[in-house]
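Enquirer: Sequence and predicted structure are below.
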Amino acid sequence: MALNPEHDPSETLHAHGDGFWYGIRPIQKSDKQKLIDLFNHLSPENRYLRFAHAISELPNEYLEDVLELDYKKEMALIAFTKSNTENEEIIGIARYVCQGNTLVCEFSLTVSDAYTAHGVGTALMQNLIKHAKTQGLDEMVGYVLNNNQPMLHLMKDLGFQINPFQEDAEFKKVTLSLCRS
């Protein structure tokens, strides 16, 4: 995989120990088809773990919502690779949305099955957390299915507190204070 060394300054480049390179950048309106392609390459199990129910098609409402961001209240970052032909492929997305007029944001994370062992989810979340802090947000929360052990492990590694979710026993509520230095 080759990335142009003269990349966009809004992108961050990441290397994995096995020579794999990927970039992270804010989502763009032109990413719609690439998001659909990412979803179409997710296994049924990962679709279930991400959306908490079985779906076979990415809802248009989701696409419209994630591509039309109010940057004061939300952010979406994508991880991408580029082939030698410069075709970009989205391999992950992390997003947060502020809850009402509070300084609390709820996050979501999706990584392509083929790239889960490359640190893509970790890098996406670290970048998303950093962005949320620069926006002055106080707390990041998420709701993770109990059987999504890889995600719960990642959240623990990132410093999130993991607790039962009182409203639904199938989920854990993960919380990160953004006020710590």
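Expert: That came through fine. Numbers count the residues shown, from 1 in each chain.
Enquirer: tell me what whatever helix or strand residue 38 lives in is packed against?
Expert: Assigned by DSSP states H and E, residue 38 belongs to helix 32-40. Helices and strands touching helix 32-40, by 3 or more Cβ pairs under 8 Å, 6 or more residues apart in numbering; DSSP states H and E, are helix 60-67, strand 74-82, strand 88-98. Quick note: C-beta positions are derived from backbone N, CA and C, even for glycine.
Enquirer: Adding mean pLDDT and distance to residue 125, write these out as a markdown table.
Expert: Below are the helices and strands packed on helix 32-40 laid out as a markdown table (pLDDT from 0 to 100; distance: least, Cβ to Cβ, whole Å):
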| stretch | mean pLDDT | distance to residue 125 |
| --- | --- | --- |
| helix 60-67 | 86 | 16 |
| strand 74-82 | 93 | 9 |
| strand 88-98 | 94 | 6 |
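Enquirer: Please list all residues in contact with the residue sitting nearest the centre point of the chain.
Expert: Nearest to the mean C-alpha position of the chain, by Cα atoms, centre = their mean, lies residue 94 at 1.6 Å. For residue 94, the contacting residues are 76, 77, 107, 108, 109, 110, 121, 124, 125, 127, 128, by Cβ atoms under 8 Å, 6 or more residues apart in numbering.
Enquirer: what's the closest of those residues to residue 38?
Expert: Set against residue 38, the nearest of the contacts of residue 94 by Cβ to Cβ is residue 110 (7.0 Å).
Enquirer: if I pick the closest one, what's in contact with it?
Expert: Residue 110 touches 38, 39, 42, 46, 50, 92, 93, 94, counting by Cβ under 8 Å, 6+ apart.
Enquirer: Would it be right to say that it lies in a helix?
Expert: No: checked against DSSP: H, G, I helix; E, B strand; the rest coil, residue 110 lies outside a helix; its state is strand.
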